[in-house]
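K.L.:
The following comprises the amino acid sequence and a computationally predicted model.
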Amino acid sequence: MKPLWHGIAGAALGLAAYKVTGSLAFASVSAAAEILIDTDHIIDHLTQSDKPYDIKAFFSTEESLKWRKIMFVFHSYELILLMAVAAFYFSYPLLWAAAIGMLLHMILDEIGNRNIPFPIRMVPAFYFFSCRLINGFNANKLIHRLQEQEINIRG
């Protein structure tokens with residue numbers, strides 16, 4: 001999903017969280033977490049790209065399809081679950097806010113990145129960190145290029 005849409009979703013989440021909780025801190029953390037989860041794209045770009053300091057390359061899907069490894073350490077259902085457990089155990093509302101923001105981001109990525117006609121198909125468990133770890137973060141095992149006829153069928 002494009003950063004602009006995550007910005008809009010983060011702002012909407014922040015407004016809704018403020019309306020429900022009355023807490024500016026909770027609203028801010030949930031909105032920020034929805035957006036800042038994408039900082040892991042920067043880490044991957046800097047370590048995997050042939051053009052790590054080229055802003056145009058950073059926003060290029062074609063460029064990221066050249067990567068040999070895909071880590072995306074923050075895009076992880078396990079991390080969100082860990083945060084929710086810690087929030088419950090320690091009764092810390094701001095961890096709940098971060099977990100909620102990250103979960104919304106992941107849901108939007110699941111919908112957006114699986115339902116638009118990309119020339120790729122991610123493995124079903126792509127957004128589980130354990131899946132990426134088990135596959136050695138190997139891009140060829142995690143993302144498959146579609147043939148032209150498959151793109152026309154899906155699109």
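P.N.:
Cool, the structure landed. Residues are numbered from 1 along each chain as shown.

K.L.:
which helix in the chain runs the most residues?
P.N.:
helix 93-114 (DSSP state H).

K.L.:
helix/strand/coil for the residue most central in space within the chain?
P.N.:
By C-alpha atoms, centre = their mean, the chain has its centre lying nearest to residue 75, at 4.4 Å. Of the three states, residue 75 takes coil under DSSP: H, G, I helix; E, B strand; the rest coil.

K.L.:
Would you list the phi and psi of it?
P.N.:
Main-chain dihedrals, residue 75, degrees, to the nearest 10: phi -80, psi 80.

K.L.:
Tell me how far it lies from residue 131.
P.N.:
11 Å (C-beta to C-beta, to the nearest Å). (Glycine included, C-beta is placed from N, CA and C.)

K.L.:
One more: residue 112?
P.N.:
Residue 112 is 19 Å from residue 131, by C-beta to C-beta.

K.L.:
These two: which is more packed in?
P.N.:
residue 131 (19 against 13; other C-beta atoms under 10 Å).

K.L.:
and the nearest residue to that one once chain neighbours are set aside, how many residues sit next to it?
P.N.:
Among residues not flanking residue 131 along the chain, residue 125 sits closest, at 3.9 Å (C-beta to C-beta, 6 or more residues apart in numbering). By the criterion of other C-beta under 10 Å, residue 125 has 14 neighbours.
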